[in-house]
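J.: okay, here's the prediction I keep looking at, along with the sequence it came from:
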Amino acid sequence: MKIKIGTMAILISVIIFGGIGATMAMDLWTTENKKNPVRFEDGNHAGDYNPADIRGSYTFEEISTLFGVDLIVLYQAFDVPVDTNGAEIQSKDIETIFRDSGVEIGNESMQIFVALYKGLPVVLDDETFLPTKAVNLILEMNKNLTDEQIDWMEKSSI
């Protein structure tokens, strides 16, 4: 059986655009990123967003909104000028700010900062550091830190 070129063009168009239309109708097709970090499923913080799911592409404004941390606090913690647009600076940009520090201060630092600041569960590692300003803000805000968390901050502060 031979298919004419015109028929083939129509068939291909229907398959491609019909497939896109069908997936859009079933709400499976999306062209925008919906940044919603995972939530804790159990424990005292069930339903809260998990800071460990903060990605480098999250803007400071998104982090502020999702986790309830004032934008100015994020700026202070990571030496960002207060006149910066929170929608334009991303968590991964922290690496650029602290590139000459000699240690790793980046997206993982943001994750740990938000968790400790908000009193949320966090896994602390010895390869991630926090600026001293961030540590001071955590100590001011969170009076329920464990000895392990305080010791980690003392060792991991620059």
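T.: That came through fine.

J.: from here on, contacts and neighbour counts on C-alpha atoms
T.: Noted.

J.: report the next helix or strand after the helix ranked longest in the chain in sequence order.
T.: Scanning the chain for the longest helix, with DSSP state H as the assignment, gives helix 5-25. Following helix 5-25 in sequence order, the next helix or strand is helix 60-67 (DSSP states H and E).

J.: list the buried ones in that next one?
T.: Neighbour counts over helix 60-67 (16 or more other C-alpha atoms under 10 Å) mark F60, E61, E62, I63, S64, L66, F67 as buried.

J.: from the contact counts, what lies against it?
T.: Counting contacts by 3 or more C-alpha pairs under 8 Å, 6 or more residues apart in numbering; DSSP states H and E, helix 60-67 packs against helix 71-77.

J.: please export the C-alpha coordinates of the helix it packs on as PDB.
T.: The C-alpha coordinates for helix 71-77 follow below in PDB (Å, rounded to 0.1, in the frame of the first residue of the first chain):
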ATOM      1  CA  LEU A  71      14.400  37.600  52.000                       C
ATOM      2  CA  ILE A  72      16.600  40.100  53.900                       C
ATOM      3  CA  VAL A  73      17.700  37.300  56.200                       C
ATOM      4  CA  LEU A  74      18.800  35.200  53.200                       C
ATOM      5  CA  TYR A  75      20.700  38.300  51.900                       C
ATOM      6  CA  GLN A  76      22.400  38.800  55.200                       C
ATOM      7  CA  ALA A  77      23.300  35.200  55.600                       C
END
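
J.: and for that helix, what's in contact with it?
T.: Helix 71-77 has contacts (C-alpha atoms under 8 Å, 6 or more residues apart in numbering) with 60-61, 64, 80-82, 86, 131-135, 137.
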